[in-house]
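Student: Provide a 3D model corresponding to the input given below.
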Amino acid sequence: MRGLLILLLAGALALSWWYLEPLVPRHWHPAESLHIDDPLTPVTRWKLHRLADDRDGCLAALETVPEGELRYTPLADHEPVAGCPLENVVRIEASSVDFNADFVASCPLALAWAIYERQRLQPAAEAILGSRISRVEHLGSFACRNVYGREEGRLSEHATAEALDVAAFRLVDGREVGLLDHWDEEGERGEFLREARDGACDLFGNVLGPDYNAAHADHFHFGMRGFRLCR
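Tutor: Just a heads-up that it's a prediction; the model follows:
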């Protein structure tokens with residue numbers, strides 16, 4: 001009897017999904033592709049994680065970024081340093097902002113950054129600081145090393161280009177906002193940095209900053225692993 005009830009329940013659920021699936025918005029549908037302007041939902045991070053093993057799907061999602069807002073080059077899988085092979089990666093040259101240097105990023109990291117910049121970072125800058133961001137100062141993405149550079153232990157997200165460390169922002173009006181100088185500031189620059197951190201937590205698997213530990217006192221670590229460590 002119990003088995004029959006389970007079968008009936010499974011059938012009812014399948015029938016309900018068959019009927020409701022066409023009504024599910026793309027940004028909530030787990031099987032639909034990810035687009036740059038899709039509203040962020042808990043499904044968004046799951047889709048980003050899924051793209052780690054889907055090079056074609058990830059590159060197709062990057063193609064939804066409006067022209068001129070992300071300049072990148074897809075890279076072949078390679079091993080720049082022994083023990084740290086890179087797969088499904090691109091080289092980011094610029095976006096709606098300039099960078100102090102181009103950098104290699106996993107394709108999902110590049111997509112997460114583009115969405116973050118468009119839906120969280122620039123809106124926060126305009127709302128709090130009254131100016132858009134023109135330049136991002138980062139400390140790098142790829143580094144073949146263990147976590148915190150220890151001799152032993154697990155490889156860092158940087159070893160697979162799945163993380164970007166961001167130290168400062170320059171605004172269109174010339175002002176600069178940096179974590180080392182302004183994180184504890186009670187004014188608008190400190191408010192912006194905290195909003196930039198919180199907004200990143202909607203997309204990246206882990207976001208680490210000055211509130212996490214002293215090693216992150218001067219930068220945000222935006223990483224793809226995990227599902228919402230936000231400090």
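Student: Please tell me how far the residue nearest the centre of the chain sits from residue 160.
Tutor: Nearest to the geometric centre of the chain sits residue 112, at 3.2 Å (C-alpha atoms, centre = their mean). Distance of residue 112 to residue 160, given as C-beta to C-beta, to the nearest Å: 14 Å. (C-beta placed from N, C-alpha, C; glycine too.)
Student: what's the answer for residue 169, then?
Tutor: 26 Å.
Student: Not counting the helix or strand where the residue nearest to the centre of the chain lies itself, show me its contacts.
Tutor: Per DSSP states H and E, residue 112 falls inside helix 107-116. Here helix 107-116 makes contact (C-beta atoms under 8 Å, 6 or more residues apart in numbering) with 34, 36, 40, 44, 48-49, 51-52, 55, 58-59, 61-62, 65, 69-70, 72, 74, 88-90, 92, 95, 105, 141, 161-164, 199-200, 202-204, 222, 224.
Student: Next step: these restricted to helices.
Tutor: 44, 48-49, 55, 58-59, 61-62, 199-200 (DSSP state H).
Student: Which of those residues ranks first by neighbour count?
Tutor: Within these, most neighbours by other C-beta atoms under 10 Å means residue 58, with 26 neighbours.
Student: Pretty sure it sits against residue 88.
Tutor: Yes: between residue 58 and residue 88 there is a contact at 6.5 Å, judged by C-beta atoms under 8 Å.
Student: got the phi/psi numbers for residue 171?
Tutor: With angles defined as degrees, to the nearest 10, residue 171 sits at phi -90, psi 160.
Student: how close does the spatially closest residue to it that is not a sequence neighbour sit to residue 191?
Tutor: Closest residue to residue 171 apart from its sequence neighbours, by C-beta to C-beta, 6 or more residues apart in numbering: residue 131 at 4.2 Å. Applying C-beta to C-beta, the value for residue 131 to residue 191 is 14 Å.
Student: per-domain residue ranges of this protein.
Tutor: Following automatic domain parsing, the chain resolves into domains at 1-29, 33-230.
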